[in-house]
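Novice: Test case, fold it:
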Amino acid sequence: MPKVSEVIVDTLVQAGAKRCWGIVGDTINHFTDALRKSDLRWVHVRHEEAGALAAGGEAYMTGELAVCAGTCGPGSLHFVNGIFESHRNGAPVLLIASDIGRAEAGLNFPQELDQRKIYEQTSVFCEYISHPDQARRITAMAAQAALNLRGVAVVIVNGDMFQEETTDKLAWSVHRPKTVQRPCDQELDTLATMLNEAGNITIYAGIGARNAHDQVVALARHLQAPVAHTTRAKEFIEPDNAFHIGMTGILGNRAGVGAIDDADLVLCLGTDFAYTQFWAEKKRVVQIDSDATHLGRRAPVHMGLQGDVGDTIDALLPRLKKKTDASHLAKALKQWEKDREDYERSAQEDDPNLIHPQFVASTLDKLAADDAVFTADGGSPMVWCLRHIRATGARSFLLSLLHGTMANAYPQAMGIAAACPGRQVIAMCGDGGLSMLLGDLLTLRQEKLPVKILVFNNSSLGFVEMEQRVEGLLDSYTDLQNPDFPALAKACGIAGHRADNANELEATMRAWLTEPGPALLDVPVNRMELVMPPEIHAGQVMSTALFGIKAVLDGRGKEVVSLLRDNFLR
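Specialist: Coordinates of the predicted model:
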């Protein structure tokens, strides 16, 4: 009779899983022994958080199940942040969370945790295997939930349970049905009337439109509507879209913000827009989302409809009249052209000894492969990625935009590189993010994962420092005393490069990108760079001025000069 460990592994393989990320240890030893004899590949990491992020990167990019596993107590707790990241970005990850032996459960045994309480808040499925004959059934249901609900599933297994034999011979399996989801005819008729009667219409597309690029473009053409998009939808909405006008929010641009403000009706497609303050009051907002619980939870909407974006547009288009007035669209496109020129101007260098991060990102955009995959750490690296790396239709992006964690970029890149051999995978890292999980540089070497790590080295927690200054505060506790990153990389068996001057950046970056294995490029960038929002309000200017006064009084006048020169006087 098969053991529980063998049944779990077999079920995971049948569900399409290819890899399991983690660290071996006492309570999962029988699980990893079963895995050793299967087609499921174990990937040994140095920190469980990196393993969870890697599994999430693999699952997000492929849409298929990825697995991570860890021991009870400390091992399981180390997974939590990476698990939260995947749960929020919709990556189908399954965590095998082991627990102490059943004989000691409930007696405060060393390393004992209530795994359910920890993980039920960040999963679409969280259950114990309470009897050996549940092994295949629970594992199959967990995989099915992760794949269909696009989130994390957690299977909790006591260490001694893995050794038990099961008599269950029923063919429990994973089902992935495909459905058509759209509003009813009456709701579609009402929406069509609203759109036919509206003047200026702006489309705001989110991650829910990832499989509906052509339908979104067709709708925009029919309505003569500009299309703004969320940060997460950049990859899917920006390419081959003549109606595209960029993003909104603090990371966005003037065209996106202006098109929302000028609209008589905003049509939100597959987006649970995050920032209420960026939505003008008294605008008519229609939101279409596949999850009805998302409707109207970020800002009030006039009409909330449940449906898949592509299915809904297909049913809506025949009900619409073609609009001929393109003035709203033309205004937005003209502003978008100016925004792009501003981005290009900000990426130009006038002093080769002062490397601006925009210039680094722009150079990377020029040299990276047309089908490269980009990850970026939370903070300023994700800003430079979103603003200066073009979506080509073949490129892919993964950023921590919902969880906003540090240190996500290169662990996620590990998972992507493992799942997508042959594709160029680039991690845009902050020096703070990279140093948080330095240990898994060893995993890159050990697993031969050819990730290219770009370090935006400003010797600080730059985004936090910027936030403090914009609020009029003296920046505090943000200094980083960094090691020699290229030397550190070489000590880990990874190629290390450094560009100290803007004039040498392109050649150094070419050499870094052509390294056959994992490689790190360290670039010292301007510490005084501000992430400028699309609109600068008086309060922000006053707050920055207040920082200037405080800095001068604190003997830091040179920093004020640098801040003005490098951001406002360029």
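Novice: okay, CA-based contacts and neighbour counts for the rest of this
Specialist: Fine.
Novice: Quick test: name the residue nearest the centre of this protein.
Specialist: Leu399 (2.8 Å; CA atoms, centre = their mean).
Novice: Run a quick check on that one versus Ala376, I expect a contact.
Specialist: Yes: between Leu399 and Ala376 there is a contact under CA atoms under 8 Å: 5.3 Å.
Novice: Give me the common contacts of those two.
Specialist: Met382, Asn408, Ala409 (CA atoms under 8 Å, 6 or more residues apart in numbering).
Novice: and the first one, what element?
Specialist: If you go by DSSP states H and E, Met382 is part of helix 380-388.
Novice: and for the following helix or strand past that helix, what are the contacting residues?
Specialist: The helix or strand immediately downstream of helix 380-388 is strand 396-399, counting by DSSP H and E. Strand 396-399 has contacts (CA under 8 Å, 6+ apart) with 57, 61, 232, 235, 371-378, 382, 408-409, 412.
Novice: Need the max-distance pair from the residues you listed.
Specialist: Greatest spatial distance among the contacts of strand 396-399 (CA to CA): Asp371 and Gly378, at 22.4 Å.
Novice: among the contacts of strand 396-399, which ones are buried?
Specialist: 57, 61, 232, 235, 372-378, 382, 408-409, 412 (16 or more other CA atoms under 10 Å).
Novice: Tell me which of those residues fall in helices.
Specialist: Of the positions in those, Gly57, Met61, Glu235, Met382, Ala409, Gln412 sit in helices, assigned by DSSP state H.
Novice: Identify the residue with the minimum pLDDT among the residues you listed.
Specialist: The member of these with the lowest pLDDT is Met382, and it reads 90.
Novice: So that one versus Phe463, what's the distance?
Specialist: 10 Å (CA to CA, to the nearest Å).
Novice: any idea how far Asn482 is from Asn501?
Specialist: On the measure of CA to CA, Asn482 and Asn501 end up 19 Å apart.
Novice: which of the shared contacts of Leu399 and Ala376 lies closest to Gly199?
Specialist: Distances from Gly199 to the shared contacts of Leu399 and Ala376, taken by CA to CA, are shortest for Met382, at 35.2 Å.
Novice: quick one: the nearest residue to that closest one once chain neighbours are set aside from Ala192, how far?
Specialist: Spatially, and ignoring its direct neighbours in sequence, Met382 is nearest to Ala376 (5.0 Å; CA to CA, 6 or more residues apart in numbering). Look at Ala376 and Ala192: by CA to CA, they are 39 Å apart.
Novice: do Asp484 as well
Specialist: Applying CA to CA to Asp484 and Ala192 gives a distance of 60 Å.
Novice: And Glu465, by the same measure?
Specialist: On the measure of CA to CA, Glu465 and Ala192 end up 47 Å apart.
Novice: more neighbours, those two?
Specialist: A direct count of neighbours by other CA atoms under 10 Å for Glu465 and Ala192 places Glu465 higher, at 21 against 18.
Novice: tell me which element the more buried one falls in.
Specialist: Using DSSP H and E, Glu465 falls in helix 462-470.
Novice: After that helix, heading C-terminal, what element do we hit next?
Specialist: Taking DSSP H and E, what comes next after helix 462-470 is helix 485-491.
Novice: Past that following helix, which element shows up next along the chain?
Specialist: strand 495-498.
Novice: Pairing partners for that next one, with directions?
Specialist: strand 519-524 (parallel) (DSSP bridges).
Novice: May I have the strand it pairs with as PDB, with CA atoms only?
Specialist: Only the C-alpha atoms of strand 519-524 are listed here, as PDB (Å, rounded to 0.1, in the frame of the first residue of the first chain):
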ATOM      1  CA  ALA A 519      25.500  37.500 -13.100                       C
ATOM      2  CA  LEU A 520      25.300  40.700 -11.100                       C
ATOM      3  CA  LEU A 521      25.800  44.300 -12.300                       C
ATOM      4  CA  ASP A 522      26.300  46.900  -9.600                       C
ATOM      5  CA  VAL A 523      25.500  50.500 -10.600                       C
ATOM      6  CA  PRO A 524      25.900  53.400  -8.100                       C
END
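Novice: Just give me how far it sits from the chain centre.
Specialist: 22 Å (CA atoms, centre = their mean, to the nearest Å).
Novice: buried ones in it?
Specialist: Ala519, Leu520, Leu521, Asp522, Val523, Pro524.
Novice: ok, now stretch 269-280?
Specialist: Going by neighbour count (16+ other CA under 10 Å), the buried part of stretch 269-280 is Leu269, Gly270, Thr271, Asp272, Phe273, Trp279.
Novice: same thing with stretch 14-21?
Specialist: For stretch 14-21, a neighbour-count test (16+ other CA under 10 Å) marks Ala15, Ala17, Lys18, Arg19, Cys20, Trp21 as buried.
Novice: Can you tell me the element the last one falls in?
Specialist: It stands for Trp21. Assigned by DSSP H and E, Trp21 belongs to strand 19-22.
Novice: what's the following helix or strand after that strand?
Specialist: Strand 19-22 is succeeded, C-terminally, by helix 29-36 (DSSP H and E).
Novice: Need the residues that contact stretch 163-181.
Specialist: With CA under 8 Å, 6+ apart as the criterion, stretch 163-181 contacts 1-5, 11, 14-15, 30, 132-137, 140-141, 143-144, 147-148, 290, 306-308, 311-312.
Novice: Could you pull up the residues touching the closest residue to Phe79 other than its chain neighbours?
Specialist: Nearest residue to Phe79 in three dimensions, chain neighbours excluded: Glu49, at 4.6 Å (CA to CA, 6+ apart). If you count contacts by CA under 8 Å, 6+ apart, Glu49 has them with His78, Phe79, Val80, Asn81, Gly82.
Novice: Recalculate using a threshold of 6 Å.
Specialist: Glu49 is in contact with His78, Phe79, Gly82, counting by CA atoms under 6 Å, 6 or more residues apart in numbering.
Novice: Which helix or which strand is home to it?
Specialist: Assigned by DSSP H and E, Glu49 falls within helix 48-62.
Novice: can you give me the offset of the next helix or strand after that helix from its chain's centre?
Specialist: Remark: after helix 48-62, the chain's next helix or strand is strand 66-70, criterion DSSP H and E. Distance, stretch centre to chain centre, for strand 66-70: 19 Å (CA atoms, centre = their mean).
Novice: So which elements touch strand 66-70?
Specialist: Other elements packing on strand 66-70 under the criterion 3 or more CA pairs under 6 Å, 6 or more residues apart in numbering; DSSP states H and E are strand 19-22, strand 93-99.
Novice: List the buried residues in stretch 387-398.
Specialist: Neighbour counts over stretch 387-398 (16+ other CA under 10 Å) mark Arg387, His388, Ile389, Arg390, Ala391, Thr392, Arg395, Ser396, Phe397, Leu398 as buried.
Novice: next one: stretch 169-180
Specialist: Buried residues in stretch 169-180, counting neighbours by 16+ other CA under 10 Å, are found at Trp172, Ser173, Val174.
Novice: Kindly reformat those as a markdown table containing secondary structure.
Specialist: Formatted as a markdown table, the buried residues of stretch 169-180 follow (DSSP: H, G, I helix; E, B strand; the rest coil):
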| residue | secondary structure |
| --- | --- |
| Trp172 | coil |
| Ser173 | coil |
| Val174 | coil |
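Novice: wait, which of those is closest to Thr478?
Specialist: Distances from Thr478 to these, taken as CA to CA, are shortest for Val174 (47.7 Å).
Novice: what does the model give that closest one for pLDDT?
Specialist: pLDDT, Val174: 95.
Novice: Quick check: phi and psi on it?
Specialist: Backbone dihedrals for Val174, given as degrees, to the nearest 10, come out at phi -100, psi 130.
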